[in-house]
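> what would the 3D arrangement of this be:
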Amino acid sequence: MPVLVITGTGTEVGKTVATAAVAAAALAAGRSVAVLKAAQTGVREDERGDAAEVARLAGDVTTAEVARYPDPLAPATAARRAGRAPVHPRDVAEAAAKLATEHELVLVEGAGGLLVRFDAAGGTLADVARLLSAPVLVVAGAGLGTLNTTELTARELRARQLELLGVVIGSWPAAPDLACRCNLADLPDTAGAPLLGALPENAAALSPATFRATAPDWLAPRLYGTWDAEAFRVREAPGRT
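Got it, this is the predicted structure:
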């Protein structure tokens, strides 16, 4: 798995922090890691973007952005409003492939969900995954509504014959409600793919040292961690099936 594409079921589901957790776990496992942000929106040139946040939390990773736009919008719209050239899927794929020649793992983080448009031609992160023949990790919410968005994302990946590696819950609440607890069993069935981790809420507020030390506890072995989905379900949702 030299390249892993990471998408979310939407915005604000914890995609960047999940990317940081995978990076931290891979580093702890002795891998060299690069993080590529396909299109950074909503930050000025002098501000820290998502890739920088991954590095702050995870540690010694190589970071790169293909394009950056100031407005917090879909990349195609943000590029048009800024009067700048859009980013194309091939640009992202080429940047990732180059990083893969120098690193054991390259994490490509998208912007928003799988089908957020990069350019006027309708290029998306799904096209990047296809060009790279890379598996896709989906970061999903924990609560009510996540089953629908997760299944829509999974169906689109299958329709495009892309590999869905699994699902990570981007923010697991300290006091999960009924929907969250039931979703632990329902998400893998909905996605047709394994649950590969659950990050605690406010994980980004941890000190970097604590984040790096505990990140492997949040992720399954497929993502360089020690997390066990069934043990987590039994602990967090006893009696739920």
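
> use CA for all of it now, contacts and neighbours both
Noted.

> can I get stretch 226-236 in CSV, CA atoms only?
Taking C-alpha atoms only, stretch 226-236 is exported to CSV below (Å, rounded to 0.1, in the frame of the first residue of the first chain):
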residue,chain,number,x,y,z
THR,A,226,-3.6,-2.3,17.4
TRP,A,227,-7.3,-1.4,17.6
ASP,A,228,-9.8,-4.3,17.6
ALA,A,229,-13.2,-3.5,16.2
GLU,A,230,-15.1,-6.3,18.0
ALA,A,231,-13.5,-5.5,21.4
PHE,A,232,-14.4,-1.8,20.9
ARG,A,233,-18.0,-2.6,20.0
VAL,A,234,-18.5,-4.8,23.0
ARG,A,235,-17.0,-2.2,25.3
GLU,A,236,-18.9,0.8,23.8
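
> pLDDT weak spots in the protein?
1, 239-241 (pLDDT under 70).

> any idea where the strands of it begin and end?
Secondary structure of the chain, counting by DSSP state E: strands at 3-8, 33-37, 40-41, 62-65, 68-69, 105-113, 136-140, 164-172, 195-200.

> between these, which gets nearest to V128?
Of all the strands of the chain, it is strand 3-8 that lies closest to V128, at 8.2 Å by Cα to Cα.

> sorry, back to before: for the strands of the chain, give me CSV that also has distance to A231 and mean neighbour count.
Listed next are these as CSV, based on distance: least, Cα to Cα, whole Å; neighbours: other Cα atoms under 10 Å:
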stretch, distance to A231, mean neighbour count
strand 3-8, 25, 27
strand 33-37, 29, 25
strand 40-41, 36, 24
strand 62-65, 34, 18
strand 68-69, 41, 24
strand 105-113, 27, 25
strand 136-140, 20, 28
strand 164-172, 15, 24
strand 195-200, 11, 24
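
> need those in a markdown table (columns: distance to A26).
Listed next are the strands of the chain as a markdown table, based on distance: least, Cα to Cα, whole Å:
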| stretch | distance to A26 |
| --- | --- |
| strand 3-8 | 12 |
| strand 33-37 | 7 |
| strand 40-41 | 23 |
| strand 62-65 | 13 |
| strand 68-69 | 26 |
| strand 105-113 | 8 |
| strand 136-140 | 15 |
| strand 164-172 | 15 |
| strand 195-200 | 14 |
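
> how about these, which one is nearest D228?
Of all the strands of the chain, strand 195-200 comes closest under Cα to Cα, at 8.0 Å.

> and the strands of the chain: which comes nearest R81?
Across the strands of the chain, closest to R81 is strand 68-69 (Cα to Cα), at 8.9 Å.

> partner strands of the closest one, with direction?
Applying DSSP bridges, strand 68-69 is found paired with strand 40-41 (parallel).

> what sits up against the partner strand?
Strand 40-41 is contacted from outside by 49-50, 65-75, 78, 111, using Cα atoms under 8 Å, 6 or more residues apart in numbering.

> which of those residues are buried?
49-50, 65-71, 73-75, 78, 111 (16 or more other Cα atoms under 10 Å).

> make CSV out of the residues you listed and add distance to V22.
Converted to CSV, the buried ones among the contacts of strand 40-41 look like this (distance: Cα to Cα, whole Å):
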residue, distance to V22
G49, 18
D50, 14
E65, 18
V66, 21
A67, 23
R68, 23
Y69, 26
P70, 27
D71, 28
L73, 26
A74, 25
P75, 24
A78, 28
A111, 17
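
> okay then, goodbye and thanks.
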